[in-house]
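>>> Prediction below, plus the sequence it came from.
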Amino acid sequence: MRIATRGDLLHRTKVGFVSLGCPKNLVDSEVMMGIVARDGYELTPRAEEAEVLVVNTCSFIEAAQKESIDAILEMAEHKKFGAAKKLIVAGCLVERYREQILEQVPEVDAVVGTGEVERILEAVHGDLRVLPAQPPTFLYHHFTPRVMTTPKHAAYIKIAEGCDHPCTFCIIPELRGKFRSRRFESVVREAENLARAGAREITLIGQDTTSYGEDLGLRDGLAQLLSKLAQIEELLWVRFLYAYPNRVTQKLLDTIAAHPRLAKYIDMPLQHASRKVLARMKRGSNGDAFLRLLEGMRKTIPGVSLRTSFIVGFPGETEKDFQELGDFVVEAKLDWMGVFEYSDVDNAESHALDDKVDAGTISDRRNRLMAVQKKISRENLRLKYRAAKRETLLALVEGLSKENPLVWEARLEGMAPEIDGKLYLTDIELPSGEVAEAGDVARVQITKSDAYDLIGRVVEIRPRPANRANENVSVASAAPVPPAEKLHRIATGAPLRVLG
């Protein structure tokens with residue numbers, strides 16, 4: 001006999017989630033959804049029918065903070081005029097403005113910080129309004145309920161939380177606490193469970209994945225973890241994001257090179273190339289050292305795809321510093337690059353630095369740097385995949401394109417989900433009549449390359465693994481969970497990331 005849950009007593013109250021920001025924040029949202037669903041609440045992808053709304057916020061940069069505030073105010077309108085009876089704000093914005101949120105937005109009933117994720121039920125039940133600020137310590141485990149909002153074939157695993165680096169532009173240590181790694185066995189179990197449930201690709205994330213295991217006494221902990229995950233047969237690729245330059249070891253590079261299932265791909269935010277600017281950022285190093293590191297990566301891992309991100313307009317950045325960064329980009333010939341415009345963040349050390357760069361100059365520098373990279377990316381794709389016009393490559397089929405329903409989207413090994421270019425498939429039907437499906441692994445032939453994207457056709461579809469989805473591990477719940485694709489669509493005025 002099943003014991004009635006709080007959700008039963010509340011007549012299957014519908015709960016909707018809005019998740020903003022990075023994949024790390026998305027995992028927190030998935031965990032909160034899992035906790036709520038396990039208790040019997042019903043998840044809904046429609047804001048107008050949700051009786052409880054949860055906004056998981058981001059406040060890493062000024063633009064993210066504004067987006068979070070706009071989302072809170074939009075959901076507050078649903079409480080005023082819709083079905084919503086309760087509004088909960090969670091995430092990074094709470095860590096910065098806990099009391100102010102409750103004071104200035106009276107529609108908010110409770111706040112849940114980054115270290116209080118497991119207390120979401122108390123907020124939903126109405127037993128929690130505000131907790132005193134305290135250092136975040138929460139880490140989820142493989143047995144923590146979690147509703148997957150990414151497609152079944154691709155999933156994120158957060159292997160660590162927090163950060164100990166002193167970067168002057170960043171307040172992650174304040175928002176997320178000190179660096180702490182998940183237990184090795186827990187990460188492996190979660191990866192195995194996700195693979196059994198249909199995941200073909202797993203992406204490891206954390207504020208600094210390359211520091212994984214240091215606090216557990218592991219030497220080259222990330223390399224050890226990758227070696228273990230590479231043994232999971234159901235997986236096509238395992239990749240990691242957010243590498244810190246001075247934590248990339250030869251052992252890590254050798255490990256990536258040695259295992260076919262480890263994606264030949266490294267995401268390593270460098271932030272700048274000027275020695276002076278890097279010193280003001282308290283990141284150290286310089287462009288020449290970075291070039292040597294990139295050379296070592298390419299030597300150890302032939303064909304590796306490299307991604308980075310930079311900040312332009314940091315206080316004190318002169319035109320000479322920017323030109324040094326531009327010269328570095330030309331010489332480094334990176335495959336993928338993101339550029340962020342510097343903005344002051346409350347409590348960040350850089351906020352107090354002098355020699356601020358005006359907004360117009362910052363925007364101009366970003367546009368100029370991206371124009372340089374666009375040419376590099378175009379040439380890299382042309383050279384890297386020119387031979388592929390005569391050969392075939394493995395690709396992970398994603399599904400119908402949201403931009404053009406006549407073509408399908410896929411990714412190659414050198415393309416991370418959401419942040420890099422895509423492979424567009426114009427022909428997914430084979431002469432035999434077999435048609436590729438989302439999550440299929442296919443052999444494709446490249447027919448055209450652009451600045452960031454490729455066009456190709458399916459040549460062969462790999463045999464699909466036996467369906468083991470009945471070993472469901474994503475959530476232990478009595479409540480119906482909307483299909484993953486619906487969790488990315490919301491019927492509100494703003495294109496928010498997730499409501500589900």
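Everything's here; your move.
>>> and V345, helix, strand or coil?
coil (DSSP: H, G, I helix; E, B strand; the rest coil).
>>> Give me the neighbour count for it.
For V345, the number of neighbouring residues by other C-beta atoms under 10 Å comes to 20. For the C-beta atoms, the positions are set from N, CA and C on the backbone; glycine is no exception.
>>> cool, V435 as well?
For V435, the count of nearby residues is 12 (other C-beta under 10 Å).
>>> can you check the one 3 residues further on too?
A438 is surrounded by 17 other residues when neighbours are defined as other C-beta under 10 Å.
>>> Could you do K85 as well?
As a measure of burial, K85 has 13 neighbours, counting by other C-beta under 10 Å.
>>> What's the local residue count around the nearest residue to it once chain neighbours are set aside?
Spatial nearest neighbour of K85, excluding adjacent residues (C-beta to C-beta, 6 or more residues apart in numbering): E51 at 5.3 Å. As a burial measure, E51 scores 22 neighbours (other C-beta under 10 Å).
>>> do V397 as well
Neighbours around V397, by other C-beta under 10 Å: 23.
>>> In this structure it contacts L423, no?
No: counting by C-beta atoms under 8 Å, V397 stays clear of L423, with 9.2 Å between them.
>>> quick one: common contacting residues for the two?
409-410 (C-beta atoms under 8 Å, 6 or more residues apart in numbering).
>>> Quick one: low-confidence residue ranges for the stretch 101-250 of the chain.
128, 130-133 (pLDDT under 70).
>>> just the helices in it please.
Listed in chain order, the helices of the stretch 101-250 of the chain (DSSP state H, counting those that start in this stretch) span residues 120-125, 172-176, 184-196, 221-229, 250-258.
>>> so can I have JSON lines of those showing distance to E67?
Output for the helices of the stretch 101-250 of the chain, formatted as JSON lines (distance: least, C-beta to C-beta, whole Å):
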{"stretch": "helix 120-125", "distance to E67": "21"}
{"stretch": "helix 172-176", "distance to E67": "16"}
{"stretch": "helix 184-196", "distance to E67": "29"}
{"stretch": "helix 221-229", "distance to E67": "31"}
{"stretch": "helix 250-258", "distance to E67": "34"}
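>>> and of those, who's closest to L236?
Smallest distance to L236 across the helices of the stretch 101-250 of the chain (C-beta to C-beta): 9.9 Å, for helix 184-196.
>>> Which residues belonging to the closest one are considered buried?
184, 186-188, 190-196 (16 or more other C-beta atoms under 10 Å).
>>> can you list those in CSV and add distance to Y140?
Output for the buried residues of helix 184-196, formatted as CSV (distance: C-beta to C-beta, whole Å):
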residue, distance to Y140
F184, 15
S186, 9
V187, 11
V188, 15
E190, 9
A191, 14
E192, 16
N193, 13
L194, 13
A195, 18
R196, 19
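>>> Walk me through the domains of this structure.
10-138, 154-387, 390-461 (automatic domain parsing).
>>> which of those sits most buried?
Comparing these by mean neighbour count (mean count of other C-beta atoms under 10 Å), domain 10-138 ranks first with a mean of 21.
>>> residue ranges with poor pLDDT in the protein?
Residues of the chain that meet the cut-off, pLDDT under 70, sit at 1-11, 128, 130-133, 387-389, 430-431, 465-500.
>>> okay, the domains of the chain in JSON lines with distance to T144 next?
Below are the domains of the chain laid out as JSON lines (distance: least, C-beta to C-beta, whole Å):
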{"stretch": "domain 10-138", "distance to T144": "6"}
{"stretch": "domain 154-387", "distance to T144": "9"}
{"stretch": "domain 390-461", "distance to T144": "22"}
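>>> Indicate which one of these is closest to V147.
Proximity to V147 (C-beta to C-beta) singles out domain 10-138 among the domains of the chain, at 4.0 Å.
>>> roughly how far is the closest one from the heart of the chain?
How far domain 10-138 lies from its chain's middle: 19 Å, per C-alpha atoms, centre = their mean, to the nearest Å.
>>> For the stretch 201-350 of the chain, which segments count as strands?
201-205, 237-240, 265-267, 305-312, 336-341 (DSSP state E, counting those that start in this stretch).
>>> Between those, which one is closest to F179.
Across the strands of the stretch 201-350 of the chain, closest to F179 is strand 201-205 (C-beta to C-beta), at 13.7 Å.
>>> ok, now which ones touch Q250?
Going by C-beta under 8 Å, 6+ apart, Q250 touches 296, 300.
>>> ok, it to T447 distance?
Taking C-beta to C-beta, to the nearest Å as the measure, Q250 and T447 are separated by 38 Å.
>>> again, but for E51
As judged by C-beta to C-beta, E51 and T447 stand 50 Å apart.
>>> can you check K228 too?
From K228 to T447 the distance is 38 Å (C-beta to C-beta).
>>> For A442, which three-state class applies?
strand.
>>> beta partners of it?
A395, I461 (DSSP bridges).
>>> That one contacts L393, correct?
No: counting by C-beta under 8 Å, A442 stays clear of L393, with 9.4 Å between them.
>>> can you give me the strands in the stretch 401-500 of the chain?
Under DSSP E, counting those that start in this stretch, the stretch 401-500 of the chain gives strands at 408-412, 423-427, 441-449, 454-461.
>>> would a markdown table of the ones you listed with distance to R219 be doable?
Output for the strands of the stretch 401-500 of the chain, formatted as a markdown table (distance: least, C-beta to C-beta, whole Å):
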| stretch | distance to R219 |
| --- | --- |
| strand 408-412 | 32 |
| strand 423-427 | 38 |
| strand 441-449 | 34 |
| strand 454-461 | 39 |
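>>> To V117, which of those strands lies closest?
Closest approach to V117 among these is made by strand 408-412 (29.5 Å; C-beta to C-beta).
>>> I'd like the distance between P245 and L102.
Here the criterion is C-beta to C-beta. By it, P245 lies 40 Å from L102.
>>> Equivalent analysis for M32, please.
Distance from M32 to L102, by C-beta to C-beta: 19 Å.
>>> Name the residues that touch stretch 450-463?
Residues contacting stretch 450-463 (C-beta under 8 Å, 6+ apart): 374-375, 377-378, 381, 385, 392, 395, 397, 410, 412, 420-430, 434, 436, 440-449.
>>> Run the chain-centre distance for it.
24 Å.
>>> coming back round to it: so which of the strands of the stretch 401-500 of the chain is nearest L262?
Evaluated with C-beta to C-beta, these place strand 408-412 nearest to L262, the distance being 14.8 Å.
>>> What are the boundaries of the helices in the stretch 301-450 of the chain?
319-332, 359-386.
>>> Including distance to E77, could these go into CSV?
Below are these laid out as CSV (distance: least, C-beta to C-beta, whole Å):
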stretch, distance to E77
helix 319-332, 42
helix 359-386, 30
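>>> So for D109, which of those helices sits nearest?
It is, among these and with distance given as C-beta to C-beta, helix 359-386, at 36.6 Å.
>>> other SSEs contacting that closest one?
strand 305-312, helix 319-332, strand 336-341, strand 441-449 (3 or more C-beta pairs under 8 Å, 6 or more residues apart in numbering; DSSP states H and E).
>>> between these, which gets nearest to Q224?
strand 305-312 (22.9 Å).
>>> which outside residues touch that closest one?
169, 264-273, 281, 294, 297-298, 322, 325, 329, 332, 334-342, 362, 365-366, 369, 413-416, 419-420.
>>> Same check on stretch 420-432?
Contacts for stretch 420-432 (C-beta under 8 Å, 6+ apart): 307, 335-336, 377, 381, 395, 397-398, 401, 404, 407-412, 414-415, 435-436, 442, 444, 446-447, 452-461.
>>> and that stretch, how far from the chain's centre?
From the chain centre to the centre of stretch 420-432 is a distance of 25 Å (C-alpha atoms, centre = their mean).
>>> what do you get for stretch 213-232?
The chain centroid and the centroid of stretch 213-232 are separated by 20 Å, computed with C-alpha atoms, centre = their mean.
>>> Alright, calling it a day.
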